[in-house]
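Novice: sequence and computational prediction follow.
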Amino acid sequence: MGWSWVQIIPDAGFLNSVATYAHGTIRNWPSSTRAEIAAIYAALSITPDDFVVFIYTDSQAAIDGLRLCASSTYTNSRLYYKTTNFELWASIECCVHEKRLSVFPVKVKGHDGNYWNEFADSLANSAHQSDDAFPLPEAIFTSSHSIRLVYDDLTCESNPRRLFKAYYQATYMRDLLSLNRFQFTFCLTDQDDYIVDWALTWFTLNFSPSHDASFQAHHASRHYTFKFKLFLDDLPLLEKLKITRPDLYIDLLTCRSCCLRNEDLMHLILCSKRRTAMHQILQSYQNLLFSKLREAGELADVDPKLMIRKLSSLSCWSISSSNWSSYALIRGCLPKLFIDLFVELSIPRHLAMKVVVAIHNNFVQKLRRRIWNPRTYDKSRWKDAMHITLKLKTTPRPSNLPASTYVPFSSLPPLTHLVNSRDSGIDWIKNSMIQGLPWYNHLSGFMGRLTVLLNNSFCKMGCRFL
């Protein structure tokens, strides 16, 4: 990440106005604000004592920070540790007071044709390739304190509470990722046509459809719970019930709709009694995406045929027990291509996400009504015939029963040819500190947030991580 500053001689004429300049790089916690702060620190560190300094910058965050430095806010309040880049700000504050500098920040409009501002930007952008640029050593701007918070040789310059929270979440994440139910995602990372967009997936899980005549408020709770249990592969299918309640569900029990095969999640979709309905639901999903792409093409005055052809060629539309991408789509792990096609048609990403998420929630709603509810009805008729009542199901399992050794059947192929996750072997906490990547750029980071959400908000669902 590059930074630069330019010293200007007032009233020296346009061509002779630049007295000197410097540029360099700074590592970790990348952001445009951090680059601005680094440039300010580098400039003030070589400024003589008792000088009056006017700093022209297009960063409002830098201006606000300089004003706080003038009032010694960073070192005299709890704001210090709550501020990002607090080590840099503390060093600037220390420099200003030790040198008795009078610093006056001046706001300039960014990307508005200001020659000196654009010159400074070009210097910062070329810092990584320039021979005369120098790195800003971490030891210099962290020397204002005798105590530093360090994680794996990296100095923490963000709110420590967030770092501790992230580390705590990581311990849950490791357990969650080790579960068999999520290992299918590693089979997708080598497929060019289906790369999971974890930001879209997270947004989809948290999205609540608007209430209308067909989807009233009391439906929302059932829909939300079903969506999460589908994503977690925690629906009460027979193959799971054989483990949790072996006293009620014997090992030989098969699907109560077709009575032919063992019932796991993939069989729920491929069951011969529901195959036609499933095909119609998936075709409706595809048609809605096509329709929205055509609308986006009309707005952008672009023929969307190429995008539609690319979308229809995705492997996820053909459901089979050997197709991991169709399994991912059903579980709710949505592909990047869904959003990328809309972005290519000049639709802003946040609007494209809302469109795709609304379509996927419509798919989940139809899946619950046309696939899950009929299956539940068939199963309830069998339970009535077997006298498995609600009272019996809620009664604790007899304590004298041995632990179940049943190995649940799976319609899915074995997890062969597993590839490493795109950030496996790298500590994602450290990765985010170095590269500034958000949670969603890491599968593990996504799982960490999911775990916390489940831990905090969905305990009532009784999810069993087996």
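Specialist: Sure thing, it's come through.

Novice: can you list the domains in this structure?
Specialist: 2-158, 191-416 (automatic domain parsing).

Novice: quick one: mean pLDDT over the first one.
Specialist: Taken as a whole, domain 2-158 carries a mean pLDDT of 76.

Novice: do the same with the last one
Specialist: Mean per-residue pLDDT for domain 191-416: 85.

Novice: need the next SSE after the host helix or strand of His97, C-terminal direction.
Specialist: Assigned by DSSP states H and E, His97 belongs to helix 86-98. Where DSSP H and E defines the elements, the next helix or strand beyond helix 86-98 is strand 102-107.

Novice: mind listing what's buried along that following strand?
Specialist: Going by neighbour count (16 or more other Cβ atoms under 10 Å), the buried part of strand 102-107 is 103, 105. Glycine gets a C-beta too; all of them are placed from N, C-alpha and C.

Novice: show me what the following helix or strand past that strand is packed up against.
Specialist: Next helix or strand after strand 102-107 toward the C-terminus (DSSP H and E): helix 115-125. In terms of contacts (3 or more Cβ pairs under 8 Å, 6 or more residues apart in numbering; DSSP states H and E), helix 115-125 is packed against strand 2-8, strand 18-25, helix 32-45.

Novice: partner strands of the helix or strand following the last one, parallel or antiparallel?
Specialist: Beyond helix 32-45 in the direction of the C-terminus, DSSP H and E gives the next helix or strand as strand 52-57. Pairing partners of strand 52-57, with direction, according to DSSP bridges: strand 102-107 (parallel).

Novice: need the residues that contact the strand it pairs with.
Specialist: 44, 51-58, 60, 62-63, 66-67, 69-70, 96 (Cβ atoms under 8 Å, 6 or more residues apart in numbering).

Novice: at 10 Å what do you get?
Specialist: 40, 44, 47, 50-60, 62-67, 69-70, 92, 95-96 (Cβ atoms under 10 Å, 6 or more residues apart in numbering).

Novice: let me have the domains of the chain in CSV, extended by distance to Phe184.
Specialist: Converted to CSV, the domains of the chain look like this (distance: least, Cβ to Cβ, whole Å):
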stretch, distance to Phe184
domain 2-158, 30
domain 191-416, 6
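
Novice: and the end-to-end length of stretch 226-240?
Specialist: Distance between the two ends of stretch 226-240: 16 Å, counting by Cα to Cα, to the nearest Å.

Novice: chain center to that stretch, what's the gap?
Specialist: On the basis of Cα atoms, centre = their mean, to the nearest Å, stretch 226-240 sits 22 Å off its chain's mean C-alpha point.

Novice: one more: stretch 35-52?
Specialist: 37 Å.

Novice: what of stretch 335-349?
Specialist: 17 Å.

Novice: flag every buried residue along it.
Specialist: Buried, per 16+ other Cβ under 10 Å, within stretch 335-349: 335, 337-339, 341-342, 344-345, 347.

Novice: swap in stretch 31-40?
Specialist: Here stretch 31-40 shows 33-40 as buried, counting by 16+ other Cβ under 10 Å.

Novice: what strand or helix carries Lys227?
Specialist: Here Lys227 is assigned to helix 217-231, by DSSP H and E.

Novice: and the biggest helix by length in the chain, what does it pack against?
Specialist: Counting by DSSP state H, the longest helix found in the chain is helix 275-300. Applying 3 or more Cβ pairs under 10 Å, 6 or more residues apart in numbering; DSSP states H and E, one finds that helix 275-300 contacts helix 265-270, helix 305-312, helix 324-331, helix 337-344, helix 349-367.

Novice: check which helices and strands the shortest one sits against.
Specialist: Helices and strands touching helix 265-270, as assessed by 3+ Cβ pairs under 10 Å, 6+ apart, comprise helix 238-244, helix 275-300, helix 324-331.

Novice: equivalent analysis for the longest one, please.
Specialist: If you count contacts as 3+ Cβ pairs under 10 Å, 6+ apart, helix 349-367 packs onto helix 198-206, helix 217-231, helix 275-300, helix 324-331, helix 337-344.

Novice: try it again with 8 Å
Specialist: helix 198-206, helix 217-231, helix 275-300, helix 337-344.

Novice: what angle sits between the shortest one and helix 324-331?
Specialist: Our comparison of helix 337-344 with helix 324-331, counting by axes from the mean of the first three to the mean of the last three Cα atoms, to 10 degrees, yields an angle of 80 degrees.

Novice: so what touches helix 337-344?
Specialist: Residues outside helix 337-344 that contact it (Cβ under 8 Å, 6+ apart) are 193-195, 197, 200, 289, 292-293, 296, 307, 310-311, 314, 349, 351-353, 355-356.

Novice: can you flag the buried ones in the residues you listed?
Specialist: Neighbour-count burial (16+ other Cβ under 10 Å) applied to the contacts of helix 337-344 gives 194-195, 197, 200, 289, 292-293, 296, 307, 310-311, 314, 352-353, 355-356.

Novice: may I see the buried residues of the longest helix of the chain?
Specialist: Buried residues in helix 275-300 (16+ other Cβ under 10 Å): 277-278, 281-282, 285-286, 288-289, 292-294, 296-297.
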